[in-house]
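**Q** I'll drop the sequence and a predicted model, then ask my questions.
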Amino acid sequence: MDTNKNETDESTQKVQKKRALWRRKKKSEVKKEDPNNQNVKQNDKNATDNTDGENVVRNIAKRRKRTNIPPSPIGGNESWQKALQNAIDANKKSHQDRLDSFKKIENNSHKIRITPLGGLGEIGGNIMVVETNTSAIIIDAGMSFPDNDMPGVDILVPDFSYLRSIKNKIAGILITHAHEDHIGAIPYLFKEMQLPLYATPMPLGMISNKLEEHGLKSARSLFRPVEKRKIYKIGEFEVEWIHITHSIVDSSALIIKTKAGTIIHTGDFKIDHTPIDGYPTDLHRLAHYGEEGVLCLLSDSTNSHKEGFTRSESSVGKTFDAIFSKAKGRVIMSTFSSNIHRVYQAICHGLNHGRKVCVIGRSMERNIFTAIELGYITLDKSIFIDAHEVSKYSDNEVLIVTTGSQGETMAALYRMATDEHRHIKIKPTDQIIISAKAIPGNEGSVSTVLNFLLKSGASVAYQDFSEIHVSGHAAQEEQKLMLRLVKPKFFLPVHGEFNHIVKHKETAIECGIQPKNILLMEDGDQIELCCSYVKKLKTVKVGKIFIDNQINKQIEHDVVMDRQQLADSGVVMIIAQIDKKEKKLISKPKVVSYGLVADKNDKEFSKEMEEVLVQFLSNAKKDVIENRGVLESEVRQVVRKHIFRNLKKYPTIVPTIFIM
């Protein structure tokens, strides 16, 4: 028995050793095939404690079931791994194909040139030319605001020199939306050249008002109303308007199909999912073109430094409701006259609180009634009262909607604040709402108006004090969404100062656009684009035309330069009689200065100028004395140099010399 037992023990030990050896071998094989699948390894290892093939398979199945691992649809490990790898490779290719949809663009030799004439390196003044060798289109034609060192200038419009040089091949002007920085220059352009104008109804309605002001009503015959999602043949281009949300109704992005490939221009935009009119951005159409393959995207960079999302226009309504419910006196709301949905919200809340509506400001009144006539908003005209009727109603029954949110000195709000308005004076019981953000450069003017309003004792709701304004431009997350939907090969950030487009470039790189495929433009840069490259060709002439908005006429450049000179250094006028034989003054010269020395020092300054003239005449040559034009020029230079040595200023010198 003992002998048999020992033999059995030895036999058992041999079997156990074989099992252990087999387990180690199996473990090694599993590691090589799938080192990461720890659950399968452990379960398969435990299952091998059972001998015989059938028991092993049965045990593996049981343990897979207990650990919720589905049975492999493929027989052996080798087949399973191969199928898995094939699926991984196929999915990677699928991802890459959808991200690189621009590769669907057929290789060709066609080239497109893109030239911004305004709107880059600045806020406003947007105008851009897209052209081939034989055809061109203009995208927008906007105005901008002057700097503080441009006295007497109301607005700036782009220099049209380049447009004159390609006038014969321009097929039309395409408008994205009706903000002043996109349509404000059209009347001035139409005074030089009248071209077919393609736009949706609201922009055309507002442009019509502008042309009427400039005596260009006949130019309406060039209007070409467009329907969104419909393709129009314009020159060598096929163009489609796509609905997009912004801070004005009826805004559009442009799909421009060229022989080189599809170009998308977003215009100004944000992604508002709850817009006032219920028409969100047409993301589906953008995605459709993104899938087809987009050669180049030009996208709004204005809010590129702002993280997250821009709030919906509808969010302002809650603030309006809170303000109206607390207001005991009149409510006076000022915003951009083109911000129809903002005005519409204010009017609706005013009506809900039993108020009549008084609209003050020519542009505000025209835009509201244009929107009503075209059906973009629905308001009964009986709710409106004239400015002279305001006094007939109790203060808590009146809402005044007006212009002047940018502190313009001729706008209604400014005149109300300074007691210069004929019908409306600010009262301490008034609730003022300034529902707009100061355009860069206008901060000082807005601050001035705020100070006047606060000194009057009125309550003021402004962006710095309350949530009364939301931007109409996309923040970073919306910019990313646009980039991901469109998936362009090339990217040209537009609209804004240089720091804005640099930041937009960084966002685009995060979204997978190759840095070499992004080009940062400035006004005047002419960009050549084809399916294989984008590059700068040359720089064309650009600049600004100064406009006096009171007479709707251009101010010549030298006039503005003279004003700047006068503002900086003042003026000196000298009237003198000279005896040419004796080379001396006949009498004391009359010297008048402005902006150079204090009034109390006028006599001393006049005596100083007399001494300068005496010294100059004693050394002057005979031919200089006898020629009045040459003499005045020499006097100008001598006086100018003397003043600079003493006062470090170069005033304008105006000599009037009489030679006796």
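**A** Alright, I've got the coordinates. Residues are numbered from 1 along each chain as shown.

**Q** look up how far K603 lies from V560.
**A** According to C-beta to C-beta, to the nearest Å, V560 and K603 sit 33 Å apart. (Each C-beta comes from the backbone N, C-alpha and C, glycine too.)

**Q** more neighbours: those two, which one.
**A** A count of neighbours by other C-beta atoms under 10 Å puts V560 above the other of V560 and K603, at 18 against 10.

**Q** which SS state does the residue lying closest to the more buried one once chain neighbours are set aside fall under?
**A** Among residues not flanking V560 along the chain, F546 sits closest, at 5.2 Å (C-beta to C-beta, 6 or more residues apart in numbering). Taking DSSP: H, G, I helix; E, B strand; the rest coil as the rule, one finds F546 in the strand state.

**Q** residues contacting F546?
**A** Neighbouring residues of F546 by C-beta atoms under 8 Å, 6 or more residues apart in numbering: P146, M150, V153, L156, Q554, I555, E556, H557, V559, V560.

**Q** now, of the residues you listed, which are buried?
**A** Listed as buried from those are P146, M150, V153, L156, I555, V560; burial here means 16 or more other C-beta atoms under 10 Å.

**Q** which of these sits closest to F223?
**A** L156 (25.4 Å; C-beta to C-beta).

**Q** is that closest one bridged to anything, and to what?
**A** Listed by DSSP bridges, the beta-bridge partners for L156 are S144, F546.

**Q** just checking, it touches N549?
**A** No: taking contacts as C-beta atoms under 8 Å, L156 lies outside contact range of N549: 10.6 Å.

**Q** any stretches of the stretch 1-150 of the chain with poor pLDDT?
**A** The model of the stretch 1-150 of the chain has pLDDT under 70 over residues 1-76.

**Q** ok so, going back, and the contacts of F546 as TSV, adding distance to L283?
**A** Putting the contacts of F546 into TSV (distance: C-beta to C-beta, whole Å) gives the following:
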residue	distance to L283
P146	38
M150	41
V153	41
L156	35
Q554	42
I555	44
E556	48
H557	45
V559	49
V560	45
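
**Q** so which of these are in helices?
**A** Within the contacts of F546, residues falling in helices by DSSP state H are H557, V559, V560.

**Q** wait, the last one touches D149, no?
**A** No: with contact taken as C-beta under 8 Å, V560 and D149 are classed as non-touching, separated by 9.1 Å.

**Q** E307 and Q479 touch, don't they?
**A** No: in this structure E307 lies outside contact range of Q479 using C-beta under 8 Å: 10.7 Å.

**Q** which of those two has more neighbours?
**A** Between E307 and Q479, Q479 has the larger neighbour count (other C-beta under 10 Å), namely 28 against 8.

**Q** how about the helix or strand hosting that one: buried residues?
**A** Q479 belongs to helix 476-486 when assigned by DSSP states H and E. Within helix 476-486, the residues that count as buried by 16+ other C-beta under 10 Å are Q476, E478, Q479, L481, M482, L483, L485, V486.

**Q** give the contact list for the residue nearest to the second one when sequence neighbours are not counted.
**A** Closest residue in space to E478, ignoring its immediate chain neighbours: I271 at 4.4 Å, by C-beta to C-beta, 6+ apart. With contacts defined as C-beta under 8 Å, 6+ apart, I271 is in contact with T245, P280, T281, L283, F309, T310, A474, E478, L481, M482.

**Q** let me know the pLDDT of the fifth one.
**A** For F309, the model assigns a pLDDT of 96.

**Q** so how far is T176 from the closest residue to it other than its chain neighbours?
**A** The spatially closest residue to F309, leaving aside those adjacent along the chain, is E477, at 5.1 Å (C-beta to C-beta, 6+ apart). In this view, E477 and T176 are 22 Å apart by C-beta to C-beta.

**Q** with I625 instead?
**A** Taken as C-beta to C-beta, the span from I625 to T176 is 65 Å.

**Q** of those two, which one has the most company?
**A** For I625 and T176, the more surrounded residue by other C-beta under 10 Å is T176, and the numbers stand at 28 against 20.

**Q** how about the nearest residue to the more buried one once chain neighbours are set aside, what does it touch?
**A** Of all residues not flanking T176 in the chain, G267 sits nearest, at 3.2 Å (C-beta to C-beta, 6+ apart). Residues near G267 by C-beta under 8 Å, 6+ apart: D140, T176, H177, H182, I244, H246, S251, S252, A253, L254, D300.

**Q** the fourth one - that's part of a strand, no?
**A** No: in this structure, H182 is helix, not part of a strand, as judged by three-state DSSP.

**Q** since we're on it, how many residues are nearby?
**A** The burial count for H182: 29, using other C-beta under 10 Å.

**Q** surely it and P158 touch.
**A** No: counting by C-beta under 8 Å, H182 does not reach P158; the two are 11.6 Å apart.

**Q** now H495, nearest residue through space, not along the chain?
**A** Leaving aside its chain neighbours, H495 sits nearest to D300 (4.8 Å; criterion: C-beta to C-beta, 6+ apart).

**Q** ok, E420 next?
**A** Closest to E420 by C-beta to C-beta, 6+ apart is Y414, at 8.0 Å.

**Q** what about the host helix or strand of that neighbour, distance to the chain center?
**A** Taking DSSP H and E as the definition, Y414 sits inside helix 412-417. Mean C-alpha position of helix 412-417 versus that of the full chain (C-alpha atoms, centre = their mean, to the nearest Å) differs by 28 Å.

**Q** do the same with stretch 501-514
**A** Centre-to-centre, stretch 501-514 and its host chain are 17 Å apart (C-alpha atoms, centre = their mean).

**Q** return the set of buried residues in it.
**A** Across stretch 501-514, burial judged by 16+ other C-beta under 10 Å covers I501, K503, H504, K505, T507, A508, C511, I513.

**Q** contacts only, for the fourth one.
**A** Taking C-beta under 8 Å, 6+ apart, we find K505 in contact with F491, P493, P515, I518, L520.

**Q** ok, it to I244 distance?
**A** Counting by C-beta to C-beta, the separation of K505 from I244 is 22 Å.

**Q** now do E307
**A** From E307 to I244 the distance is 21 Å (C-beta to C-beta).

**Q** how many residues are close by A436?
**A** Residues lying near A436 (other C-beta under 10 Å) number 21.

**Q** pull the distance from the one helix or strand A87 maps to to the chain's centre.
**A** Assessed by DSSP H and E, A87 sits inside helix 77-99. For helix 77-99, the separation from the chain centroid amounts to 43 Å (computed by C-alpha atoms, centre = their mean).

**Q** list the buried residues in that helix.
**A** Buried positions in helix 77-99, judged by neighbour count with 16+ other C-beta under 10 Å: N77.

**Q** do stretch 613-631 as well
**A** The neighbour-count check on stretch 613-631 (16+ other C-beta under 10 Å) flags L613, F616, L617, A620, V624, I625, L631 as buried.

**Q** pretty sure the fifth one sits in a helix.
**A** Translated: V624. Yes: under three-state DSSP, V624 sits within a helix.

**Q** hang on, it packs against E632?
**A** No: V624 lies out of contact with E632 (C-beta under 8 Å); the separation is 10.2 Å.

**Q** just the C-alphas of stretch 439-457, formatted as PDB.
**A** The C-alpha trace of stretch 439-457 is given here as PDB (Å, rounded to 0.1, in the frame of the first residue of the first chain):
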ATOM      1  CA  ILE A 439     -16.600 101.100 -29.300                       C
ATOM      2  CA  PRO A 440     -12.800 101.300 -28.800                       C
ATOM      3  CA  GLY A 441     -11.900 105.000 -29.000                       C
ATOM      4  CA  ASN A 442     -15.300 106.100 -27.800                       C
ATOM      5  CA  GLU A 443     -14.700 105.400 -24.100                       C
ATOM      6  CA  GLY A 444     -14.100 109.000 -23.300                       C
ATOM      7  CA  SER A 445     -17.300 110.200 -25.000                       C
ATOM      8  CA  VAL A 446     -19.400 107.600 -23.200                       C
ATOM      9  CA  SER A 447     -17.900 108.500 -19.900                       C
ATOM     10  CA  THR A 448     -18.700 112.200 -20.500                       C
ATOM     11  CA  VAL A 449     -22.400 111.400 -21.100                       C
ATOM     12  CA  LEU A 450     -22.500 109.100 -18.100                       C
ATOM     13  CA  ASN A 451     -21.100 111.900 -15.900                       C
ATOM     14  CA  PHE A 452     -23.800 114.400 -17.200                       C
ATOM     15  CA  LEU A 453     -26.600 111.800 -16.500                       C
ATOM     16  CA  LEU A 454     -25.400 111.000 -13.000                       C
ATOM     17  CA  LYS A 455     -25.000 114.700 -12.100                       C
ATOM     18  CA  SER A 456     -28.600 115.200 -13.000                       C
ATOM     19  CA  GLY A 457     -29.500 112.700 -10.300                       C
END
